[in-house]
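Visitor: Next input, structure requested:
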Amino acid sequence: MKICKNLSFSLKFTLLSKKGDFGLAFILSNEDLLKSSKGTYHFMAPETFNEQKIEKGISGKLADIWSLGVTLYAFIFLVLPFYEKNLVTLINSIKGKRLENTKFTSS
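Guide: Residues are numbered from 1 along each chain as shown. Below is the predicted model of the structure:
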């Protein structure tokens, strides 16, 4: 497993500039499993909050797909799918909340 530090990207538009910073990234082979988790809680996959699963190892690729889904949701609906002011409530929400339809989707 290789570690990349300070991998960043920038997207520039005429009136809007978004910047992202991946403070710590791992380059994994197909067999590598993550034994720890770091990142912004709002984007972390549910299994990253389960200590037993972390000890056994979780798929970094699946966790990345979850994070990408959260990012796409935020881009489309302009809100995070999981947002709570209290960290414990946020984690419980990520682990078990069912997303409701937004005003942009049909019932």
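
Visitor: For W66, pull up the helix or strand it's in.
Guide: helix 60-77 (DSSP states H and E).

Visitor: could you say what helices and strands the next helix or strand after that helix packs with?
Guide: Going down the chain from helix 60-77, the next helix or strand is helix 87-96, by DSSP H and E. Contact partners of helix 87-96 among helices and strands, from 3 or more Cβ pairs under 8 Å, 6 or more residues apart in numbering; DSSP states H and E: none. (Each C-beta comes from the backbone N, C-alpha and C, glycine too.)

Visitor: Report the angle between helix 87-96 and helix 60-77.
Guide: Interaxial angle, helix 87-96 versus helix 60-77 (axes from the mean of the first three to the mean of the last three Cα atoms, to 10 degrees): 100 degrees.

Visitor: In helix 87-96, which residues are buried?
Guide: Buried residues in helix 87-96, counting neighbours by 16 or more other Cβ atoms under 10 Å, are found at 90-91, 93-94.

Visitor: right, and out of those residues, which lies closest to S36?
Guide: Of all those, S36 sits closest to I91, with 16.1 Å by Cβ to Cβ.

Visitor: what about the residue nearest to that closest one when sequence neighbours are not counted, how many neighbours?
Guide: Among residues not flanking I91 along the chain, F49 sits closest, at 5.1 Å (Cβ to Cβ, 6 or more residues apart in numbering). Using other Cβ atoms under 10 Å, the number of residues around F49 comes to 16.
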